[in-house]
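Colleague: Pasting the sequence and the predicted coordinates here, then a few questions.
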Amino acid sequence: MHFIELDRVSFSYPGSSSPALRDISLSIDEGEYLAVVGANGSGKSTLLRLLDGLRLPSSGELRVASRATSSEEGRKVALRTVGLVFQSPADQIVSSSVEEDVAFGPENLGLPRQEIRRRVDLALAAVGLGGERHRASHFLSAGQQQRLAIAGALAMDARCLAFDEATAMLDPEACDEVLALLDLLVGEGRTVLHVTHDMGEACRAGRVLVLDAGSIVFDGKPEALLSGALGQVDAIAALGLPEYAALARALGLEPIARESAQAIAERIAEAYLRQGENRRAGSGLGPASSSRVVASPSVPAFELRDARHAYLRGTVNERVSLRGVDLAVPSGASLAFVGRTGSGKSTALQLLDGLVAASSGELRSFGLDLSSPGLDFRSLRMRAPLAIQRPESALFERYAGDDVAFGPRNLGLSGKALVERVREAMEEAGLGFEAFRDRQTRGLSGGEKRRLALAGVLAMRGEALLLDEPTSALDQAAAASILAIAFDTARKGRTVVFATHSMEEAARADLVAVFSDGRVVASGAPETIFYDAFDPAWGLRRPFACEVAIELGARGFELDSRPLTVSALADAIRVVATATGAASATGAATTAAAAKVSP
């Protein structure tokens, strides 16, 4: 008997014209590590809610621990057996303090106080929140709230733990810690279900399930997914390859699941250095250079000088978020904020927008001193609109078109001018005006909601665009679309500042600013930040292409550039190999494979 069984299960939300899940048959054994991937709206979150007993199948049968969830007893078994960490952590935080929130579940189980204390201590330590146990939960950063939600699930000691995008808001170091925790849970015999849009994360699991429009289109080992399935089915191909697999295919090598930068560099060096060519002393990297040209106008778009900020200043819950930030943002540039969760990125964005005031220091936006008496902050925010973390949570109008129209209407637009502004913004965000203007916002998928929220910001036609984690929890296609919009905005001469936990995304910006403990500890061009100035103490990681380039240099394969993307790295490897006559293990297949790799 399988631990979890689904027999021809379908599910439809009330009022929906199409089912969220269609005729799903699936079995999961106890102790399995199953990753669930698919585009936004493919049914991943719905599947987890069915397994947890929060939703019941519209048809078919679902059994958890041999009990059908259609019965009241079976549903209670599912709720106790499957611990679910929601996609939006704020949705499951119910108590005012961190410690009380983690204790909430065990207390409802009627456990002895000593056992509750033991579980809370272990759960907080596991997610790195031991030092925050007495802090108000609603004052945690988004990433810290995600850790808190995970801690709450761990404290329930469920046999199966289901994570819905549990790493989406975490910095690279914290993400690695959570993934290591998943491995530990599997090692203890727990069943782990991990919904993710990160194919690298998915391929760490023992088994991968791919959903498309509510149906299963792949169910198997990650090795089978990487070697054959990707590219054979459009829905799977759209998910993209992990960085290591994309690089392997670009060079005509067989992808290996979970391959590290060191391991693939070793394979590349072996393939291209068989004859001992291209072994030269030095760093293994070409000189620092950049095709980016960032103007230095006399008046920066934003400027912070010794800017400091503390939440709840003067109270017992005071929390310092910025500790003296110095930063100038050139007009018309794209700037990425990176740093650990809670390092001050979101606070800095809110300072730029005038949503919060600096405790001390100087802050200028478009040359205006934000401490000036009588400053019109409403007009300032119109000039630099901010899309907050999970901006879809700020959607409030019933219909999509009305939500986008809210900002321009407050700018004084009406009639035909308003309609045209809304049309332009929705089209720019990838939402066809005619197809989406009368759609109800609540009925949109997660990716569509994110695009709609961005359309509302674009409709303001501000001089700058501020984005806080704009691609978190989005599938690869949706994330690429959002980034394309942001960088296209910068190319049109508007300033774009965005916070991200993806170093690959940051590497595409003109400039990168690294936050650490409320300070900007480094800033400059991505090539400088990720090669020369990089410091492991930041708690970040280099883009995968940088890691491989450095590993190749250590093995004597000297590149003539400092690549930041997989496609640029593959090109650099081929250029050097061709110039030196180094042997390739794959010949013409390399060129053919390269054409299939996304930048």
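Modeller: All right, it came through fine. Computed from a predicted structure; not experimentally measured.
Colleague: OK, contacts around the spatially most central residue of the chain?
Modeller: Here the mean C-alpha position of the chain is nearest to the C-alpha of residue 472 (C-alpha atoms, centre = their mean), at a distance of 3.2 Å. By C-beta atoms under 8 Å, 6 or more residues apart in numbering, the residues touching residue 472 are 165, 168-169, 389-390, 501. Placement of C-beta: from N, CA and C, glycine included.
Colleague: want to try JSON lines for the residues you listed, with distance to residue 181 as columns?
Modeller: Formatted as JSON lines, these follow (distance: C-beta to C-beta, whole Å):
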{"residue": "165", "distance to residue 181": "15"}
{"residue": "168", "distance to residue 181": "15"}
{"residue": "169", "distance to residue 181": "16"}
{"residue": "389", "distance to residue 181": "23"}
{"residue": "390", "distance to residue 181": "23"}
{"residue": "501", "distance to residue 181": "17"}
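Colleague: in the protein, what spans have low per-residue confidence?
Modeller: For the chain, the stretches with pLDDT under 70 are 142, 228-234, 273-298, 580-599.
Colleague: So if we follow the domain assignment, how does it break up?
Modeller: What automatic domain parsing lists as the domains of the chain is 4-240, 245-279+545-594, 302-538.
Colleague: rewinding a little: and the residue nearest to the centre of the chain, what are its phi and psi?
Modeller: According to degrees, to the nearest 10, the main-chain angles of residue 472 amount to phi -60, psi 140.
Colleague: how close does it get to residue 532?
Modeller: Residue 472 sits 29 Å away from residue 532 when distances are taken as C-beta to C-beta, to the nearest Å.
Colleague: try residue 330
Modeller: With C-beta to C-beta as the criterion, residue 330 and residue 532 are 21 Å apart.
Colleague: of these two, who's got more company?
Modeller: Higher neighbour count among residue 330 and residue 532: residue 330, with 18 against 13, using other C-beta atoms under 10 Å.
Colleague: Show me what counts as buried in the helix or strand hosting residue 268.
Modeller: Assigning secondary structure by DSSP states H and E places residue 268 in helix 261-272. By neighbour count on 16 or more other C-beta atoms under 10 Å, the buried set for helix 261-272 is 261, 264-265, 267-269, 271-272.
Colleague: and what of stretch 408-419?
Modeller: 408, 413, 418-419.
Colleague: How far away from the center of its chain is it?
Modeller: 34 Å (C-alpha atoms, centre = their mean, to the nearest Å).
Colleague: Stretch 484-497 now?
Modeller: 20 Å.
Colleague: Can you show me the strands along the stretch 451-599 of the chain?
Modeller: For the stretch 451-599 of the chain, the strands defined by DSSP state E, counting those that start in this stretch occupy 464-468, 495-499, 511-516, 519-524.
Colleague: ok, now the stretch 1-150 of the chain?
Modeller: Listed in chain order, the strands of the stretch 1-150 of the chain (DSSP E, counting those that start in this stretch) span 4-11, 21-28, 33-37, 59-64, 67-68, 82-85.
Colleague: now swap in the stretch 301-450 of the chain and tell me
Modeller: With DSSP E, counting those that start in this stretch, the ranges of strands along the stretch 301-450 of the chain come out as 302-311, 319-329, 334-339, 360-365, 368-369, 386-387.
Colleague: what's the most buried one of those?
Modeller: strand 334-339 (a mean of 26; mean count of other C-beta atoms under 10 Å).
Colleague: Give me the angle between that one and strand 464-468.
Modeller: For strand 334-339 against strand 464-468, the angle by axes from the mean of the first three to the mean of the last three C-alpha atoms, to 10 degrees is 20 degrees.
Colleague: Sheet partners, orientation included, of strand 334-339?
Modeller: strand 495-499 (parallel), strand 511-516 (parallel) (DSSP bridges).
Colleague: got the contact list for the closest residue to residue 436 other than its chain neighbours?
Modeller: Closest residue to residue 436 apart from its sequence neighbours, by C-beta to C-beta, 6 or more residues apart in numbering: residue 400 at 4.9 Å. Counting by C-beta under 8 Å, 6+ apart, residue 400 touches 426, 431, 436-441, 444, 452.
Colleague: Please indicate which of the residues you listed are buried?
Modeller: 426, 431, 436-437, 439, 441, 444, 452.
Colleague: now, which of these sits nearest residue 559?
Modeller: Closest approach between those and residue 559, by C-beta to C-beta: residue 431, at 40.9 Å.
Colleague: how close does that closest one get to residue 478?
Modeller: 11 Å.
Colleague: what residues are shared contacts of the two?
Modeller: Here residue 431 and residue 478 have residue 451 as joint contacts, going by C-beta under 8 Å, 6+ apart.
Colleague: show me the contacts for residue 90.
Modeller: residue 145.
Colleague: Then residue 238?
Modeller: The contact partners of residue 238, by C-beta under 8 Å, 6+ apart, come to 39, 475-477.
Colleague: Show me what the closest residue in space to residue 38 that isn't next to it in sequence bridges to in the sheet.
Modeller: Counting by C-beta to C-beta, 6+ apart, residue 38 lies nearest to residue 211, which is 3.7 Å off, once chain neighbours are set aside. With DSSP bridges as the criterion, residue 211 is bridged to residue 216.
Colleague: Neighbours of residue 211, how many?
Modeller: Using other C-beta under 10 Å, residue 211 is surrounded by 26 other residues.
Colleague: Was I right to think it contacts residue 42?
Modeller: Yes: using C-beta atoms under 8 Å, residue 211 makes contact with residue 42 at a distance of 4.2 Å.
Colleague: Which residue is the nearest non-sequential neighbour of residue 321?
Modeller: residue 347 (4.2 Å).
Colleague: next one: residue 317
Modeller: Nearest residue to residue 317 in three dimensions, chain neighbours excluded: residue 136, at 5.8 Å (C-beta to C-beta, 6+ apart).
Colleague: measure that neighbour to residue 312 for me?
Modeller: 8 Å.
Colleague: quick one, helices of the stretch 451-599 of the chain?
Modeller: 476-491, 503-506, 526-527, 544-554, 566-580, 589-594 (DSSP state H, counting those that start in this stretch).
Colleague: Which of those helices sits closest to residue 223?
Modeller: Here helix 589-594 is closest among the helices of the stretch 451-599 of the chain (C-beta to C-beta), at 17.8 Å.
Colleague: one step back: which one of the contacts of residue 238 sits closest to residue 68?
Modeller: Nearest to residue 68 among those, with distances taken as C-beta to C-beta, is residue 39, at 30.2 Å.
Colleague: The closest one and residue 236 touch, don't they?
Modeller: No: with contact defined as C-beta under 8 Å, residue 39 does not reach residue 236; the gap is 10.2 Å.
Colleague: Need the overlap of contacts for those two.
Modeller: Going by C-beta under 8 Å, 6+ apart, residues that sit against residue 39 and also against residue 236 are residue 212.
Colleague: give me the element residue 178 is part of.
Modeller: Per DSSP H and E: helix 172-187 holds residue 178.
Colleague: Which neighbours in the sheet does the helix or strand just after that helix have, and how are they oriented?
Modeller: Going down the chain from helix 172-187, the next helix or strand is strand 191-195, by DSSP H and E. If you go by DSSP bridges, strand 191-195 pairs up with strand 33-37 (parallel), strand 160-164 (parallel).
Colleague: report the angle between the axes of the last one and strand 4-11?
Modeller: Counting by the same axes, to 10 degrees, strand 160-164 lies at 40 degrees to strand 4-11.
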